[in-house]
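J.: Okay, here's the prediction I keep looking at, along with the sequence it came from:
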Amino acid sequence: MTEQQDENKLIAQRRGQLAALREQGNPFPNDFRRDALAADLLVAHGDRDAEELESLGVRAAVGGRLMSRRVMGKASFAHLQDMSGRIQLFVQRDNLPEGVYQQFKKAWDIGDVIGAEGQLFKTKTGELSIRVDSIRLLTKSLRPLPEKHHGLTDQEQRYRMRYLDLIMNEDSRKTFRIRTEAVRFLRNYLDGQGFMEVETPMMQVIPGGAAARPFVTQHNALDMRLYLRIAPELYLKRLVVGGFEKVYEINRNFRNEGLSTRHNPEFTMLEFYQAYADYHDLMDLTEDMLRGLAEQVLGTTKVRYQGDEYDFGSPFTRMTVKESILHFNPDIDAAELDDLERARAVAERLEIPLKASHGLGKAQIEIFEKTVEHRLMNPTFITAYPTEVSPLARRNDADPFVTDRFEFFVGGREIANGFSELNDAEDQAERFRQQVAEKDAGDDEAMHYDADYVRALEYGLPPTAGEGIGIDRLVMLLTDSPSIRDVLLFPHMRPE
RNA sequence: GGGCCGUUAGCUCAGUCGGUAGAGCAGUGGAUUUUUAAUCCAUUGGUCAUAGGUUCAAAUCCUAUACGGCCCA
């Protein structure tokens, strides 16, 4: 958008007012100091009656954005909005120095940032208000705010101009406060369990730890290609090798994929690793942590999402991939899932396209994703993922066809993925070689061979379990948001 | 990538069968010293997303493009 394109008469008018204000001095002063927030005043004095307030004579200086103005001749009511909420101002001509009321009425606009001071009182309708005896313009706003009662509803504008969305929509402010509170809870929880927060590279020479297409960038001085990370996993496990036996990181991952209501190119992941633990321990931890999270952030373990309700209070369901397929597909026989040819026939019946290179494990997962995943509504752990689709997970001792791995689902969506780590360096090397073969065969999401990671494992990774939790999807659940864009302050958008 | 829907005043939205572009809020002028979607009177404001096409005539019908929303892969 060019500078001039969206100018209009309303903006021109305000520029005129600003020019007039410049004549009188700096229209952007920064010497006003407030001593109260709207919500704090309401908490402290909202319940007092008119006489009590009058006798107490409480004064307050508030700063905020002018959100409404009702002029009734020589007196006006207005609402000021600050970071905490809103408070009403009662502005009277005869209570202000000569000329100030006229400025308030004519030169200032809704949307301007104002500082005001006066005594608290109750209006005859009982609303706590400030009887203003001092008021100043602190920032002139040049653009008109959206309509006061419908607000800003256009999704595109809400995403592109989040600042305006935040000014206008309390729901939006609430969503991002919950997001911050949720992340804070998770940090506190893990800190309390003795985990250490760390930061690992966002730019990697070999993008590892997940199956995804990376973003590519260029380091000029070293003249080399670098990748934005798709996961921190392999670095966090190097730290466990180094003796930091309980670590976590909350940070951005980048995946070069399409956009959808569940996908943004950059998204936030919590990953944590714990030595001398297995995937059962992490399921227990996850269950306790997420139940506590819901209680802390929502005040209840019943999470309402898009008209449904998910119960985080009861023990989370746990079943294997195969059990879940049989549970949701009564027409499939257990034996059909144990034979590649028969599993392929099942996939064909379900209209799932399989590549010739896909083995039995991949076939099972395709059937699972098509028929089970979207039906896992209440919190559910699915375990025993095939080794074929789990190149970094430890094989199960009793059944090496599967790994000691789980994924966690709520509302039909994958929220977390965890497993006992593969710490057999020779097995890991072999699995990397298989991934490379798949990449050579055309799978551009297959992993690279990471020789330094294998070398780290050769020094010895203690028995360890690790997990990743998708923060954005978790916050979507907690805030009843239908799109990932609703929980990202600045979601990725095509250029205007 | 495919399908469906949307784009009209600063914002929220109407716009009939193709026949002069509408409302509310905001703004502007006026009245108003307890309003809170304040009220009352008057009033300004439009590249109907963009580019083509059909037609005597297009916001309206057709095509393409852009951006967005929803669903599917």
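T.: Perfect, thanks for sending it. Residues are numbered from 1 along each chain as shown, chains lettered A, B, ... in the order given.
J.: how about the strands in the stretch 301-450 of chain A?
T.: For the stretch 301-450 of chain A, strands defined by DSSP state E, counting those that start in this stretch occupy the ranges A:302-305, A:308-311, A:317-320, A:380-383, A:405-410, A:413-420.
J.: Establish whether the first one and RNA strand B are in contact.
T.: No. For strand A:302-305, no contact with RNA strand B is found by C-beta under 7 Å from any atom of the strand; the gap never falls below 12.6 Å. Every C-beta, even on glycine, is put in place using the N, C-alpha and C of the backbone.
J.: Strand partners (parallel or antiparallel) of that strand?
T.: strand A:308-311 (antiparallel) (DSSP bridges).
J.: hmm, the strand it pairs with in reach of RNA strand B?
T.: No. Judged by C-beta under 7 Å from any atom of the strand, strand A:308-311 stays clear of RNA strand B, getting no closer than 13.2 Å.
J.: got the buried residues for that strand?
T.: By neighbour count with 16 or more other C-beta atoms under 10 Å, strand A:308-311 contains the buried residues A:Tyr310, A:Asp311.
J.: residues in contact with that strand?
T.: The contact list for strand A:308-311, computed with C-beta atoms under 8 Å, 6 or more residues apart in numbering, reads A:Thr301, A:Lys302, A:Val303, A:Arg304, A:Met377, A:Asn378, A:Pro379, A:Val410, A:Gly411, A:Leu477.
J.: Could I get the phi/psi values of the residue of the stretch 1-150 of chain A found nearest RNA strand B?
T.: Going by C-beta to the nearest atom of the strand, RNA strand B is nearest to A:Gly73 of the stretch 1-150 of chain A, at 2.1 Å. With angles defined as degrees, to the nearest 10, A:Gly73 sits at phi 70, psi -120.
J.: can you check the one 3 residues further on too?
T.: According to degrees, to the nearest 10, the main-chain angles of A:Ser76 amount to phi -140, psi 150.
J.: Give me the neighbour count for it.
T.: Using other C-beta atoms under 10 Å, A:Ser76 has 18 other residues around it.
J.: which helices and strands does the helix or strand that contains A:Ile135 pack with?
T.: For A:Ile135, the element it lies in under DSSP states H and E is strand A:128-139. If you count contacts as 3 or more C-beta pairs under 8 Å, 6 or more residues apart in numbering; DSSP states H and E, strand A:128-139 packs onto helix A:38-45, strand A:59-72, strand A:85-92, helix A:100-106, strand A:113-122.
J.: Could I get these in JSON lines, plus columns for mean pLDDT and distance to A:Arg131?
T.: Formatted as JSON lines, the helices and strands packed on strand A:128-139 follow (pLDDT from 0 to 100; distance: least, C-beta to C-beta, whole Å):
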{"stretch": "helix A:38-45", "mean pLDDT": "97", "distance to A:Arg131": "13"}
{"stretch": "strand A:59-72", "mean pLDDT": "97", "distance to A:Arg131": "10"}
{"stretch": "strand A:85-92", "mean pLDDT": "97", "distance to A:Arg131": "5"}
{"stretch": "helix A:100-106", "mean pLDDT": "95", "distance to A:Arg131": "13"}
{"stretch": "strand A:113-122", "mean pLDDT": "97", "distance to A:Arg131": "5"}
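J.: Switch those over to JSON lines; also include mean neighbour count and distance to A:Leu236.
T.: Below are the helices and strands packed on strand A:128-139 laid out as JSON lines (neighbours: other C-beta atoms under 10 Å; distance: least, C-beta to C-beta, whole Å):
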{"stretch": "helix A:38-45", "mean neighbour count": "17", "distance to A:Leu236": "40"}
{"stretch": "strand A:59-72", "mean neighbour count": "17", "distance to A:Leu236": "43"}
{"stretch": "strand A:85-92", "mean neighbour count": "20", "distance to A:Leu236": "40"}
{"stretch": "helix A:100-106", "mean neighbour count": "17", "distance to A:Leu236": "57"}
{"stretch": "strand A:113-122", "mean neighbour count": "20", "distance to A:Leu236": "44"}
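J.: pLDDT at the closest residue to A:Gly111 other than its chain neighbours, what is it?
T.: Of all residues not flanking A:Gly111 in the chain, A:Ser141 sits nearest, at 3.7 Å (C-beta to C-beta, 6 or more residues apart in numbering). Looking at A:Ser141, its pLDDT is 95.
J.: Verify the stated contact: A:Ala116 with A:Ile135.
T.: Yes. In this structure, A:Ala116 is within contact of A:Ile135 by C-beta atoms under 8 Å, at 4.4 Å.
J.: and for these two, which residues touch both?
T.: The contact lists of A:Ala116 and A:Ile135 share A:Leu89, A:Val91, where a contact means C-beta under 8 Å, 6+ apart.
J.: Name all residues that make contact with A:Pro386.
T.: A:Val321, A:Leu360, A:Gly361, A:Lys362, A:Gln364, A:Ile365, A:Phe401, A:Val402, A:Thr403.
J.: Kindly identify which of the residues you listed also come near RNA strand B.
T.: Restricting the contacts of A:Pro386 to those near RNA strand B - C-beta under 7 Å from any atom of the strand - leaves none.
J.: now these: which count as buried?
T.: If we count by 16+ other C-beta under 10 Å, the contacts of A:Pro386 have these buried: A:Val321, A:Leu360, A:Gly361, A:Lys362, A:Gln364, A:Ile365, A:Val402, A:Thr403.
J.: In helices only, show me those.
T.: Among the buried ones among the contacts of A:Pro386, the members found in helices (DSSP state H) are A:Val321, A:Leu360, A:Gly361, A:Lys362, A:Gln364, A:Ile365.
J.: Which residue, neighbours along the chain excluded, lies closest to A:Thr320?
T.: A:Ala384 (3.9 Å).
J.: okay, that neighbour: pLDDT?
T.: Reading off the model, A:Ala384 has pLDDT 97.
J.: same check, this time on A:Pro353
T.: Looking at A:Pro353, its pLDDT reads 85.
J.: That one: what's it in contact with?
T.: Neighbour list for A:Pro353: empty [criterion: C-beta under 8 Å, 6+ apart].
J.: So which residues of the stretch 101-250 of chain A form strands?
T.: Ranges of strands in the stretch 101-250 of chain A, per DSSP E, counting those that start in this stretch, are A:113-122, A:128-139, A:196-197, A:203-204, A:216-219, A:224-228, A:246-254.
J.: so the last one versus strand A:224-228, what angle?
T.: Angular relation of strand A:246-254 and strand A:224-228 on a 0 to 180 degree scale: 110 degrees, by axes from the mean of the first three to the mean of the last three C-alpha atoms, to 10 degrees.
J.: by contact count, what packs against strand A:246-254?
T.: For strand A:246-254, the packing partners by 3+ C-beta pairs under 8 Å, 6+ apart come out as helix A:170-192, strand A:196-197, helix A:233-241, strand A:266-275.
J.: ok, residues contacting it?
T.: Residues from elsewhere that reach strand A:246-254 (C-beta under 8 Å, 6+ apart): A:183, A:186-187, A:190, A:193-200, A:202, A:210, A:214-215, A:228-232, A:236, A:239-240, A:265-275, A:471.
J.: Is stretch A:18-35 in proximity to RNA strand B?
T.: No. Applying C-beta under 7 Å from any atom of the strand, one finds stretch A:18-35 out of contact with RNA strand B, separated by at least 12.0 Å.
J.: Serialize the buried ones among the contacts of A:Pro386 to TSV and add fields for pLDDT.
T.: Below are the buried ones among the contacts of A:Pro386 laid out as TSV (pLDDT from 0 to 100):
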residue	pLDDT
A:Val321	96
A:Leu360	94
A:Gly361	94
A:Lys362	92
A:Gln364	94
A:Ile365	94
A:Val402	97
A:Thr403	97
